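1. Quick one, fold the following:
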Amino acid sequence: MSNNFLLKRWYKIFDKNKYRDIKNEKRLADNVKYYNSRIYNQILEIQKKIENNKELSFLHSGLLGDVLWSLPTIKELSKSHKCKLYIQIDKPMPIDFSASPRNVYLNKRTADLILPLLRNQDFLDTVDIYKDEKIDINLDLFRDIPINLTFYSSRWFSHICGININIEDTFLSVKPHNLIKNKIIVHRSPRYKGYRNAYINYKFLKNTKNLLCIGLKDEFQDLKKEINNLEFHDCKDFLEMAEIIKASKFYIGSMSPQHIIAEALKVPRLLEASPVFPVVFPIGPNAFDAYHQNHFEKFFKILNEKKN
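-> Modelled structure (predicted):
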């Protein structure tokens, strides 16, 4: 038995601060070793392709929100490159991944729902399901880098590519919905995702008119328990969802693809901020987030009383 092992055991029992420091140093050394051997060469290769190629092909396997957050980076690169985006379906999730009850990041059904919205974007030359095409930039790399990801989600991808993005810019473009207009769009993520703020509820909306939930039927039914006058629209795909959000009075809800679309379109919006995973916050005018009920209600009132 080595002296080093015995010394660590001694620290664990008699000097817990020193033991914690040793563990942290070991973790950091392991991360640096992994980064240098597995990650950095990929970062260098991405930089080389951005500098030398006129066309860039991107791969993303989800989650859905992560695909949307990658768009500011692709849009910026599209100013100097022809950009193609390929969506990989049925990539297995890690066993301990808690943000979804499914066992894959994106299935075929979800991919088919998001493709119309992605194909509507002028900065994307091609959008399709991945079928072994040659890929220049694998956006899934952000999951492999040993860093703390609790910073603004769109920067996960700009850091991979080594570019600066202006997160005050829109990064989706759609026409307003022809029929469903001027609604207050309400959405709240399922409890299992951990994106809800336990300190906030939506009961104060029970006397508000013109509320529309766009999402899954079970999400609507759950919200309906607090907002009995809430209406529901079952969107045929995410393109129609974006068109409804574009035509809305404003959006209110938790972290979700619906919020990202509202953020991407820069419509007036109010985010139920997540204290568990604070990687999203509204940027730009008429954009609010709240951790506390009184602030949540105050910002809602500001948006609701604002004239279009």
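2. Pick out the residue nearest the middle of the protein.
-> Centroid-nearest residue in the chain, with CA atoms, centre = their mean: residue 65, separated by 3.7 Å.
3. Is it correct that that residue falls within a helix?
-> Yes: under DSSP: H, G, I helix; E, B strand; the rest coil, residue 65 falls within a helix.
4. separation between it and residue 305?
-> Distance, residue 65 to residue 305, by CB to CB, to the nearest Å: 30 Å. From N, CA and C alone the C-beta is placed, and that goes for glycine too.
5. do the same with residue 227
-> Distance from residue 227 to residue 305, counting by CB to CB: 19 Å.
6. What of residue 84?
-> As judged by CB to CB, residue 84 and residue 305 stand 44 Å apart.
7. Which one of those two is surrounded by more residues?
-> Neighbour count, other CB atoms under 10 Å: between residue 84 and residue 305, residue 84 has more, with 20 against 7.
8. isn't residue 175 right up against residue 243?
-> Yes: judged on CB atoms under 8 Å, residue 175 makes contact with residue 243 at a distance of 6.3 Å.
9. Comparing these two, which residue is more hemmed in?
-> More neighbours surround residue 243 than the other of residue 175 and residue 243, with 23 against 11 (other CB under 10 Å).
10. Specify the local secondary structure of the more buried one.
-> Here residue 243 is recorded as helix under three-state DSSP.
11. Contact partners for it?
-> Listed by CB atoms under 8 Å, 6 or more residues apart in numbering, the contact set of residue 243 reads 174-177.
12. same thing with residue 54?
-> Applying CB under 8 Å, 6+ apart to residue 54 gives the contacts 81-82.
13. domain ranges for this protein?
-> Domain ranges of the chain: 9-161, 184-305, per automatic domain parsing.
14. Please name every helix or strand in contact with the helix or strand harbouring residue 263.
-> Per DSSP states H and E: residue 263 is located in helix 257-265. Helix 257-265 is packed against helix 64-69, strand 184-187, helix 238-246, strand 250-254, strand 269-272, with contacts defined by 3 or more CB pairs under 8 Å, 6 or more residues apart in numbering; DSSP states H and E.
15. List of residues touching the last one?
-> Looking back up the chat, that one is strand 269-272. Strand 269-272 is contacted from outside by 188, 196-197, 200, 250-255, 259, 262-263, 280-282, 286-290, 296, 299-300, 303, using CB under 8 Å, 6+ apart.
16. and the next element down the chain from it?
-> Where DSSP H and E defines the elements, the next helix or strand beyond strand 269-272 is strand 287-290.
17. Check the second one too.
-> If you walk from strand 184-187 toward the C-terminus, the next helix or strand you reach (DSSP H and E) is strand 211-214.
18. Okay, the nearest residue to residue 169 once chain neighbours are set aside and residue 43: tell me how far apart.
-> Excluding its sequence neighbours, the residue lying closest to residue 169 (CB to CB, 6 or more residues apart in numbering) is residue 72, at 7.2 Å. Distance from residue 72 to residue 43, counting by CB to CB: 19 Å.
19. Give me the more crowded residue out of those two.
-> Neighbours were counted for residue 72 and for residue 43 using other CB under 10 Å; residue 72 has more, 23 against 16.
20. any idea how far that one lies from residue 250?
-> Distance of residue 72 to residue 250, computed by CB to CB: 22 Å.
21. Please apply the same query to residue 57.
-> When distance is defined by CB to CB, residue 57 is 37 Å away from residue 250.
22. again with residue 301
-> From residue 301 across to residue 250, the span is 11 Å (CB to CB).
23. the more surrounded of these two?
-> Between residue 301 and residue 250, counted using other CB under 10 Å, the more crowded position is residue 250 (23 against 11).
24. Quick check: closest non-adjacent residue to the more buried one.
-> residue 268 (3.7 Å).
25. mind listing what the one you found touches?
-> 249-251, 286-287, 303, 306.
26. One more: residue 115?
-> 87, 127-129, 237.
27. Among these, which one sits closest to residue 112?
-> Residue 112 lies nearest to residue 237 out of those, by CB to CB, at 7.7 Å.
28. Next one: the closest one, what pLDDT does it get?
-> Looking at residue 237, its pLDDT stands at 97.
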